[in-house]
Each structure stands twice: as C-alpha cells, then as structure tokens.
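Trainee: Any chance you could fold what I've pasted below:
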Amino acid sequence: MIRINLLKPDKKEVKEAPFAAPPVEFKEKRRTPLWGLILLVAIAAIVVLFFYLRGEMTKEQDLLAQAQEEKQSLQYVVAKLDELEKQRDLLQRKIRLIQDLKAIQPSAVIIMDELSKHLPEWVWLTETTYSGMNVRLKGRSVSNNLLADYIHNLEESPFFQDVNLISSIQRRTRNDSFYEFSLSTRFLPPRSESETQSTTAEGGQK
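Mentor: Numbering: from 1, shown residues only. Model prediction:
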C-alpha cells in the first residue's frame, strides 16, 4: 500500500555556527584606462607646443618688422648717397669746364678776333666750336667766291693752318639764296717770348 503524507513537512532550523565569520563583500576598484592618460598628455603637449610656436612666431614677426624698418632706412641712405655722388660728379664737371675755359681763354680771344677780322662782306658765322687745337666753323655766304676768299684769308693768318672746306650747300628761301658752309682748321697758339728768343738765337747761329 502506498501512504501519502498530507502534512506539511517541518522546517528544519539551521543553526549558525557560533564562531562563523560574517560574509565579506568585495568591491572591484575602477581603474583609469591607459589610453585616456596618454590622450591627456598629448593634449597638454599640443597646448604647450601651440603657445611656444605662437611666441616664436611673434618673435619672428618682430624681427621681420625691424628688418623692414632697417631696410627702409638703408634705402633712404643709399638714395642720399646716390644723390650726393651725382652732385659731386656735376661739380667736378663744372670745375673741369671752368678750368678748361680758363686754360683756353687767351686762345679763345685770339681765335674769335682772327675769325671775325678775316671775314669778307656778306659772309657771316653761325657757330664756332673749339676742342684742343681744332676749330670747327659753320656759317653762311652769299656766294662760293666769297667763301673761297674767307678760306684764303684764314690760310694767310699765322694762327691757323690746314684750313679745310667740309661742306658748302646752297639754300634757297622765298626772298634770296645763300650757301651754308662748314670749315675746319687747326689753331696755332702764339709763341711765348722765351720760345721766340730761342728761335731767333737758333736762326742767328745758323
């Protein structure tokens, strides 16, 4: 026969051990990931580098501005030096011109006197240039015959030699016609008294 016990089973009382230790709860510590620390260090390095580069850039800009100011001041100095050199060259040319004019002043008086003294009538000069001992003449004449007379007169002068006719061109206007000519000759400066005396003495010895 099968017996079925319909009564609730009695609960067994569990007695705690008199010396049992209380249960210990373990808490896991959260650790900061390594990549986060690296990221913070990288950000800090970037910030430091940014401020360093900005400071260096500011220094470079200051140096560039200073260099540009010095360049502008140097350009002003160079321009002043160029201007002074030009003025110096101009003064030197003027001084040389004055010296040349002083050197030829006695000869120029003789040349102009001789050129005008031997001019025939209806022959006139329009330009006279003197370089060294060479004289260049430009003028006008009514006829070639009068021009030939002028050349002959210059050849007779003791102050000129090698009188050459460069050109003689006939020009016509509404009222008249004339010949436009160009001459060249060589000036013979007058001898000094010492040279004259030495020449005379040589002639007497001969």
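Trainee: In stretch 140-151, which residues are buried?
Mentor: Of the residues in stretch 140-151, Ser141, Val142, Leu147, Asp149, Tyr150, Ile151 count as buried by neighbour count, 16 or more other Cβ atoms under 10 Å. Where C-beta positions appear, they are placed from N, C-alpha and C, glycine not excepted.
Trainee: repeat for stretch 152-162
Mentor: Of all the residues in stretch 152-162, those buried under the rule 16+ other Cβ under 10 Å are Asn153, Leu154, Ser157, Phe159, Phe160.
Trainee: The most centrally placed residue in the chain is in what secondary structure piece?
Mentor: Centroid-nearest residue in the chain, with Cα atoms, centre = their mean: Asp82, separated by 7.8 Å. Asp82 is located in helix 34-117, with elements delineated by DSSP states H and E.
Trainee: I'd like the next helix or strand past that helix.
Mentor: strand 123-131.
Trainee: and stretch 40-55, how far from the chain's centre?
Mentor: Put simply, stretch 40-55 sits 48 Å off its chain's centre (Cα atoms, centre = their mean, to the nearest Å).
Trainee: what's the neighbour count on the spatially closest residue to Asp162 that is not a sequence neighbour?
Mentor: Nearest residue to Asp162, sequence neighbours excluded (Cβ to Cβ, 6 or more residues apart in numbering): Arg186, at 4.8 Å. With neighbours defined by other Cβ atoms under 10 Å, the count for Arg186 comes to 14.
Trainee: Low-confidence stretches in this protein?
Mentor: Within the chain, the stretches with pLDDT under 70 are 1-33, 94, 97-105, 192-206.
Trainee: Tell me what angle the longest strand along it forms with helix 34-117.
Mentor: Longest strand in the chain, counting residues (DSSP state E): strand 160-172. Between the axes of strand 160-172 and helix 34-117, defined by axes from the mean of the first three to the mean of the last three Cα atoms, to 10 degrees, the angle is 100 degrees.
Trainee: So the residue nearest to Asp162 is in contact with Asn134, correct?
Mentor: Yes - counting by Cβ atoms under 8 Å, Arg186 touches Asn134, with 6.0 Å between them.
Trainee: Let me see the contact set for Gln170.
Mentor: Gln170 makes contact with Ser177, Phe178, Tyr179, Glu180, according to Cβ atoms under 8 Å, 6 or more residues apart in numbering.
Trainee: give me the beta-bridge partners of it?
Mentor: Per DSSP bridges, the residues bridged to Gln170 are Tyr179.
Trainee: what's the answer for Phe160, then?
Mentor: For Phe160, the beta-bridge partners are Phe187 (DSSP bridges).
Trainee: domain parsing for this structure?
Mentor: 38-106, 118-191 (automatic domain parsing).
Trainee: out of the ones you listed, nearest to Met112?
Mentor: Closest to Met112 of the domains of the chain is domain 118-191 (Cβ to Cβ; 7.3 Å).
Trainee: next one: the closest one to chain centre, how far?
Mentor: 46 Å.
Trainee: go on, stretch 110-127?
Mentor: For stretch 110-127, the distance to the chain centre is 47 Å (Cα atoms, centre = their mean).
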